[in-house]
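In: for reference, the sequence and a predicted model appear below.
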Amino acid sequence: MPLIKQMVNEQDLLAHFQSIEVTTEKAFQQKRPYISASMCQRQIALNGLLPTRDVYRNPSMKYYAAIGNSIETCIVENYIKANQLIIDSWKLPKDLFPPGIDVGGKIDMIIDYKGIPVLIDVKTIGVVDTSAYVNLSLQELEELEQGYDVTILSELNRHRMTSNKKIKESYQSQLQLYAAITGIDDIYLMSASRRVQDTFDMSGNLSTQFSKIEIDTNVLKRRFAILIYGIMARDLGLEPSKLVTLKKTHCSDAFCSFVNHCWNGEALEVEIEPVPPEKETELKTEALAIASDYIDKRHERRALTMALIEKENERRATIGQALQQAYTDCVKPIVESNNLYTWDVELRAKW
């Protein structure tokens, strides 16, 4: 029997799918700077000064984010079941900042580890360092390969590749600011592989690792002073100088919209005057004074952080009870009368 001629082929569908992908997104004025984009004073100021505009977005980024969100949800559920989660997806309240300073930030989770509060930020990456390079012989790898393409690396190359990996500057900045603001000392980056299980040990465990974020008083003061200085320049409508300690790779890692402006001289959409040298010295001195006083009191702020978390958990419990009552009164009858499964419809808050 002859094959029926089909009007569409694989390349047609692929080209069509790629053509409908949105490759731009709206960048809005950020009068409230976000900690995740607070690595550089210029970035903070320009995000708050430039009007709404279209910026390029890698088409795959929304899928990348969706994978990360799903993995993070599963990780949080583990800590909930172990009765170790203190709070997750917590938006930092204004009460934790100096007067007149309003900064946006959302902490992934704080857990109770043997009575110690530990702040954890989850990042999903391609592969986790050591779990990507297994310590098996060539014969063992060939037996496991079974027709699949497996990259075989020497022991030397495995050690070289894993030891060369460093935490991104943007991640360091974000987590050190969390330490500065909350007063919590134990801060960790949890890297989880989007491949989920990279190892050949057949344990079934999530391929992940924890990286301790080193903090000291001087680093925290510097990080917070940069944040304050960027806000001050923004409020004056001026563009600060580029942070001299940053490399172009740091800016690209942070997905900063101003990489071409800072490194290639690309003009901005609107003209913004630079901060004059004498004003720069004045603002930096003032920012450092505010930051120093703020960091010196961070351990007092830890008690405030835990009190605010307790208050937020009470608020969430109240909302949860109201949602459960609404489900019982309104949704459940609809579910039952339409022969739906109870898990098809649910009411819950995503924090």
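Out: That came in fine, so what should we check first? Numbering: from 1, shown residues only.
In: tell me which element residue 12 is part of?
Out: helix 10-19 (DSSP states H and E).
In: return the list of helices and strands in contact with that helix.
Out: Using 3 or more C-beta pairs under 8 Å, 6 or more residues apart in numbering; DSSP states H and E as the contact definition, helix 10-19 packs against no other helix or strand. Yep, even glycine has a C-beta here, placed from its N, CA and C like the rest.
In: as CSV, could you dump the C-alpha coordinates of the helix or strand following that helix?
Out: Sequence-wise, the next helix or strand downstream of helix 10-19 (DSSP H and E) is strand 24-27. In CSV, the C-alpha atoms belonging to strand 24-27 read as follows (Å, rounded to 0.1, in the frame of the first residue of the first chain):
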residue,chain,number,x,y,z
THR,A,24,12.2,40.1,23.3
GLU,A,25,10.8,41.1,26.7
LYS,A,26,9.9,44.3,28.4
ALA,A,27,12.4,45.8,30.7
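In: report the residue spans of the protein with pLDDT below the cut-off.
Out: 127-165, 198-202, 342-348 (pLDDT under 70).
In: remind me, longest helix of this protein?
Out: For the chain, the longest helix by residue count, based on DSSP state H, is helix 298-326.
In: tell me how far the closest residue to residue 189 other than its chain neighbours lies from residue 70.
Out: With C-beta to C-beta, 6 or more residues apart in numbering as the measure, residue 211 is the residue that lies nearest to residue 189, at 4.5 Å, once sequence neighbours are left out. If you measure residue 211 against residue 70 using C-beta to C-beta, to the nearest Å, the figure is 22 Å.
In: who has more neighbours out of these two?
Out: Taking other C-beta atoms under 10 Å, residue 211 and residue 70 do not tie; residue 211 has more neighbours (19 against 12).
In: which residues touch the more buried one?
Out: Contacts were defined as C-beta atoms under 8 Å, 6 or more residues apart in numbering; by that measure residue 211 touches 167, 188-191.
In: can I have the buried ones of the residues you listed as a PyMOL selection?
Out: With 16 or more other C-beta atoms under 10 Å as the burial test, the buried ones among those are selected in PyMOL as follows:
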select buried, resi 188+189+190+191
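In: quick one: which of the contacts of residue 211 is nearest to residue 96?
Out: Distance to residue 96 across these (C-beta to C-beta) is lowest for residue 188, with 19.9 Å.
In: just read off the phi/psi values of the closest one.
Out: Recorded main-chain torsions at residue 188 are phi -130, psi 140, according to degrees, to the nearest 10.
In: same question for residue 34.
Out: The main-chain torsion angles of residue 34 are listed as degrees, to the nearest 10 and equal phi -100, psi 140.
In: what bridges to it?
Out: Taking DSSP bridges as the rule, residue 34 bridges to residue 104.
In: and the angle from the helix or strand where residue 233 lies to helix 298-326?
Out: If you go by DSSP H and E, residue 233 is part of helix 217-236. For helix 217-236 against helix 298-326, the angle between stretch directions is 70 degrees (axes from the mean of the first three to the mean of the last three C-alpha atoms, to 10 degrees).
In: any residues touching helix 217-236, and which ones?
Out: With C-beta under 8 Å, 6+ apart as the contact definition, helix 217-236 has outside contacts at 31, 33, 38-45, 48-49, 101, 103, 173, 176-177, 179-180, 239-240, 243, 275, 279, 283-284, 286-288, 290-292, 294-296, 298.
In: please identify the buried residues of it?
Out: Of the residues in helix 217-236, those with enough neighbours to count as buried (16+ other C-beta under 10 Å) are 219-234.
In: how many residues are close by residue 64?
Out: The number of residues packed around residue 64, counting by other C-beta under 10 Å, is 13.
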